[in-house]
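Sequence first, predicted model second:
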Amino acid sequence: MRILYSISLFFFLLLSFTTNAQISIGIKAGPDFARFTNAIQGNDGSGGIANQKSGTITGYYGTVFVDIPLDSGKHFYLRPGVSYLGTGGEINPTGDFYNANGFQPNTKYTLHYVDVPVEFVYSPGFDWGRPYIGLGFYGGALVSGTMKSPGNPSQSIMIGSKPTDNFGRTDFGYTFSIGLATKVGFLFGIDYQHGFTRIVPSTAAGQQARLQTHNSVWGVNLGWVFKL
């Protein structure tokens with residue numbers, strides 16, 4: 001409820017400050033492809049130890065956003081939004097790890113985030129539509145998640161900052177997007193985001209230090225833009 005309240009307040013304040021601007025509201029959604037970076041340390045195949053990414057899992061995401069013109073020519077926009085994002089990763093089944101970073105071998109982790117991305121977008125207008133490219137930041141809150149290994153039922157993850165928790169509550173990182181909005185409002189594009197924040201809590205004192213694991217997510221979307 002606190003997350004929903006904060007999101008509603010954010011958009012109310014945003015719209016109140018932009019009543020004189022010709023803003024647009026858009027929606028987009030599609031599949032995403034997520035993995036963890038620096039998930040484990042394990043055998044690199046040559047007898048050495050190397051940091052390894054998790055396997056990629058397929059999920060989905062959706063975003064509601066607002067385009068606010070920043071110049072009279074309407075080439076530059078501020079694009080804040082609210083997203084549901086499915087992330088996660090699948091851990092190598094061999095289990096030959098030097099540092100498992102709290103992960104279980106042969107296990108798929110599926111995480112559900114509510115994100116608030118804010119991008120600066122360049123989008124020149126043409127007769128056939130508006131291509132766009134955007135760069136910005138996001139803050140996210142982990143709402144729930146599961147972990148699943150073959151032959152076993154799904155288990156809910158533990159969220160918090162204690163060493164015994166599986167994942168931290170918050171995430172923060174950068175976003176990149178590219179795409180095209182047609183003249184009639186149809187939208188399609190590609191999104192990417194990568195976390196700055198470690199998503200696995202620190203271990204207890206005296207135990208092996210954990211790796212800096214981050215979320216990494218690509219997404220492909222379709223959507224629509226409505227002019228107000």
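On my side now, so go ahead. Fair warning: this is a prediction, and the values are worked out from it, not measured in the lab.

Spell out the residue ranges of the strands in the protein.
24-37, 40-43, 49-52, 57-69, 76-90, 97-99, 108-122, 129-148, 155-156, 170-182, 186-195, 214-227 (DSSP state E).

Give the rounded mean pLDDT of stretch 146-164.
Taken as a whole, stretch 146-164 has an average pLDDT of 94.

ok, and the helix or strand in this structure with the lowest average confidence?
helix 2-16 (a mean of 54; mean pLDDT, DSSP states H and E).

quick one on the thing from earlier: just the strands of the chain: most buried one?
When you average the neighbours per residue for each of those (mean count of other C-beta atoms under 10 Å), strand 76-90 leads with a mean of 21. To be clear about C-beta, it is placed using only N, CA and C from the backbone, and glycine gets the same treatment.

That one - contacts with which helices or strands?
helix 2-16, strand 24-37, strand 57-69, strand 108-122, strand 129-148, strand 214-227 (3 or more C-beta pairs under 8 Å, 6 or more residues apart in numbering; DSSP states H and E).

same thing but 10 Å
helix 2-16, strand 24-37, strand 57-69, strand 108-122, strand 129-148, strand 170-182, strand 186-195, strand 214-227 (3 or more C-beta pairs under 10 Å, 6 or more residues apart in numbering; DSSP states H and E).

want to try JSON lines for these, with distance to residue 101 as columns?
Listed next are those as JSON lines, based on distance: least, C-beta to C-beta, whole Å:
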{"stretch": "helix 2-16", "distance to residue 101": "27"}
{"stretch": "strand 24-37", "distance to residue 101": "9"}
{"stretch": "strand 57-69", "distance to residue 101": "17"}
{"stretch": "strand 108-122", "distance to residue 101": "11"}
{"stretch": "strand 129-148", "distance to residue 101": "14"}
{"stretch": "strand 170-182", "distance to residue 101": "16"}
{"stretch": "strand 186-195", "distance to residue 101": "15"}
{"stretch": "strand 214-227", "distance to residue 101": "12"}
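
closest one to residue 50 among the ones you listed?
Set against residue 50 and scored by C-beta to C-beta, these come closest in strand 24-37, at 12.7 Å.

Taking their axis directions, the closest one and strand 76-90 sit at what angle?
Angle of strand 24-37 versus strand 76-90, following axes from the mean of the first three to the mean of the last three C-alpha atoms, to 10 degrees, is 30 degrees.
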